[in-house]
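J.: Build the 3D model from these lines:
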Amino acid sequence: QQTIMMEPSALPLLLLSALPTISGHGHLTLPASTRHGGSMEKGGDCTNGACYWFSNNVEIPGAPTLPHSARSVQLNVTGGERDVYKTSPWRAPGTAPVYGS
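T.: Numbers count the residues shown, from 1 in each chain. Below is the predicted model of the structure:
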């Protein structure tokens, strides 16, 4: 088995070359999603509703598991009435129920 090594200085150039193709709020295009007729032609186009993969008003079933070091909001609040995100799905990844899929 042969290993191909890349010149370390080529990595930043490779990453920069991908920037024009990067876009947020997309949806699965390959393999084609079964939701809302996903396809390569519709990739990055949310007008058909294919980007709406989330469920509103979902809470985690137990205590938050995300380490404090991984949090990006309310860094100075943990627990109590002021912790408005304590039951949000991103505070315990993988534990929130998924509806309507």
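
J.: shaky segments in this structure?
T.: Scanning the chain for pLDDT under 70 picks out 1, 3-6, 21-46, 48-54, 100-101.

J.: show me where it has helices.
T.: Under the criterion DSSP state H, the chain contains helices at 10-18.

J.: and Pro93, what does it touch?
T.: By C-beta atoms under 8 Å, 6 or more residues apart in numbering, the contact set of Pro93 is Thr65, Leu66. In this view, the C-beta of every residue, glycine as well, is placed from N, C-alpha and C.

J.: Relative to Leu13, how far out is it?
T.: Pro93 is 33 Å from Leu13, where distance means C-beta to C-beta, to the nearest Å.

J.: same question, Val98
T.: 39 Å.

J.: so Thr78 touches Pro67, yeah?
T.: No - at 11.3 Å, Thr78 does not count as touching Pro67 under the criterion of C-beta atoms under 8 Å.

J.: if you count what's nearby, which of the two comes out ahead?
T.: A count of neighbours by other C-beta atoms under 10 Å puts Thr78 above the other of Thr78 and Pro67, at 12 against 7.

J.: List the contacts of the more buried one.
T.: Going by C-beta under 8 Å, 6+ apart, the list of residues near Thr78 reads His68.

J.: what's the neighbour count on Pro64?
T.: Pro64: 20 neighbours (other C-beta under 10 Å).

J.: gap between the nearest residue to it once chain neighbours are set aside and Pro67?
T.: Nearest in space to Pro64, with sequence neighbours left out and distances taken as C-beta to C-beta, 6 or more residues apart in numbering, is Arg91 at 3.8 Å. Shown here: Arg91 relative to Pro67, a distance of 10 Å by C-beta to C-beta.

J.: for Gly80, same thing?
T.: The gap separating Gly80 from Pro67 is 19 Å, by C-beta to C-beta.

J.: repeat for Ala92
T.: Counting by C-beta to C-beta, the gap from Ala92 to Pro67 is 11 Å.
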